[in-house]
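Trainee: Would you be able to build a 3D model of this:
(one chain, ligands or ions: 3)
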Amino acid sequence: MSNTVIIGTQWGDEGKGKIVDMLAEEASAIVRFQGGNNAGHTLVVGGEKCILHLIPSGILHPGKICVIGNGVVLDPEVFLKEIDALAAKGVDISPERMMISKKTQIIMPYHRLLDNCRESYKSEESKIGTTGRGIGPCYEDKASRIGIRAADFADPELLRSKIEAALVEKNALFVNLFKAEALDPEKVFQDILPVAERIVPYLADTSSVIQEAAKDGMILFEGAQGIHLDIDHGTYPFVTSSNTVAGNAAAGSGCGPRTLERIVGIVKAYTTRVGSGPFPTELFCSNGDTLQQNGHEFGATTGRKRRCGWLDMVVLKETVRLCDLTEIALTKLDVLSGLKEICICVAYDYNGEKVAYPPQEQNSMASCKPVYETLPGWDDDITSAKNFDELPENAKKYIKRIEELSGVKVGIVSVGPDREQTIVR
Ligand code: GDP
Ligand code: IMO
Ligand code: MG
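Mentor: Ligands and ions are numbered 1, 2, ... in the order given. Modelled structure (predicted):
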């Protein structure tokens, strides 16, 4: 089995968690390489649901190594809560199999505060609609070279001095711009100490761990968010603060780029988006409500209603070229059952010109009108289909059209949330 990268091809929530959980069976290690607890990855095994925000979605498979890579921003309290909840269910979360890179950046309380102050301060039209988890401010500190790294938790004096340094500018902002109270560095330090002590046993040189694990089998890299939320290639400024593209699986986990062999793009059979930003195929009619309700489209992290629309091939083709997809896993195909007709956006009308890729100027996607192709729907319930031939003819036609338009094979089709409701071609 080749080392495999799983990425979301749209704006997140494509069903990455489910596919990672399914493929983890064949992996020796599962690695998160970017993002933080802005992610919400849902696994359903034997009818039981488990939502993970930070811990790799391979954790339910006994014996597999799970790594939080250097490219992740880790909220230590959320990590410990997740660990405790899994332990209570009898899942092995010992440091022998669950490891955090010493280089991972830590989300501090002041990052969450800054995230929320900034969002409240912005006008309605400029709000990003962040998850409020402190993701952006933590990545800012990393780039400003004042971030707290996981290894600092083992060195309290260094930790104290770094907190003091990080709060100088932030307190000026809290007090003078946001009219909030200043944070006392000593209190922040004292509050984090017991948390830090519990994190230290999980610290590891995860580059070496991954290199060793690769000798025993496949490494599975678990992306978070989606390619169109990428800080460079997404719908800037309505994006997250990390690179979500497949290439970052190498940098964000401390591997060389040749480690990445198979790149599986998770494609939801329609499109959803949470938070602000352009979404050309968004539906404001009853079809949008049908997708939202039948797909239970509520955010796994914030509980917000997800905006819904048709499948957008312009978005998908951009992902194919940015990430070198070798394969597509098509999810939530069952949600389309019952629709008379299904539309696929095959191009955009951008100021009267037909374009096949998203234009690159800021917010230009907001001026793009979708050009649709319409395919016939199907009525049959497909949630128990076990192989491709069992699918209705029109569902097969839909899949084949996606392959033709993207130039990428659909190797996996998901027809329900459970691990078992998956067709491998
Ligand atoms: P992720 O962030 O990409 O891991 O996706 P989320 O977990 O946030 O959202 C995907 C949702 O769809 C979850 O509730 C999954 O349980 C569910 N899901 C995944 N695959 C399928 C599928 O094929 N059919 C249906 N009906 N639900 C699915
Ligand atoms: P998974 O991994 C969907 C969105 C937020 C917001 C923008 C920036 O479950 O697919 P942030 O808190 O990252 O600064 O918010 O990005 N966003 C997601 N949307 N799924 C996610 O993760 C997301 N993570 C962030 O809604 O629009
Ligand atoms: Mg999600």
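
Trainee: Show the backbone phi and psi for residue 298.
Mentor: phi -120, psi 140 (degrees, to the nearest 10).

Trainee: Cross-check the contact I'm expecting between it and residue 305.
Mentor: Yes: here residue 298 reaches residue 305: they are 6.0 Å apart, a contact under CB atoms under 8 Å. In this view, the C-beta of every residue, glycine as well, is placed from N, C-alpha and C.

Trainee: Pull up the overlap in contacts between these two.
Mentor: Shared between the contact lists of residue 298 and residue 305 (criterion: CB atoms under 8 Å, 6 or more residues apart in numbering) there are no residues.

Trainee: Helices of the stretch 251-400 of the chain, start to end?
Mentor: Taking DSSP state H, counting those that start in this stretch to define them, one finds helices in the stretch 251-400 of the chain at 286-294, 313-323, 393-406.

Trainee: what's the answer for the stretch 1-150 of the chain, then?
Mentor: Taking DSSP H, counting those that start in this stretch as the criterion, the stretch 1-150 of the chain carries its helices at 16-24, 76-88, 109-121, 135-143.

Trainee: sorry, back to before: ligand 1 is nearest to which of the helices of the stretch 251-400 of the chain?
Mentor: Each of those was scored for nearness to ligand 1 using CB to the nearest ligand atom, and the closest is helix 286-294 (7.7 Å).

Trainee: what about the closest one, near ligand 1?
Mentor: No: on the criterion CB under 6 Å from any ligand atom, helix 286-294 is out of touch with ligand 1, staying 7.7 Å away.

Trainee: average model confidence for that helix?
Mentor: Confidence for helix 286-294, expressed as mean pLDDT, is 96.

Trainee: Show me which residues of it are buried.
Mentor: Within helix 286-294, the residues that qualify as buried are 287-288, 290-292, 294, counting by 16 or more other CB atoms under 10 Å.

Trainee: which one of these is nearest residue 108?
Mentor: residue 292 (35.3 Å; CB to CB).

Trainee: dump the residue contacts of that closest one.
Mentor: Under the criterion of CB under 8 Å, 6+ apart, the contact partners of residue 292 comprise 305-306, 308.

Trainee: Are any of the residues you listed buried, and if so which?
Mentor: Once neighbours are counted (16+ other CB under 10 Å), the buried part of those comes down to 306, 308.

Trainee: I'd like to know which of the contacts of residue 292 is nearest to residue 19.
Mentor: residue 306 (18.4 Å).

Trainee: Would you confirm that that closest one contacts residue 297?
Mentor: Yes: with contact defined as CB under 8 Å, residue 306 and residue 297 form a contacting pair (3.8 Å).

Trainee: Overlap of the contact sets of those two?
Mentor: Overlap of the contact sets of residue 306 and residue 297 (by CB under 8 Å, 6+ apart) consists of 13, 272.
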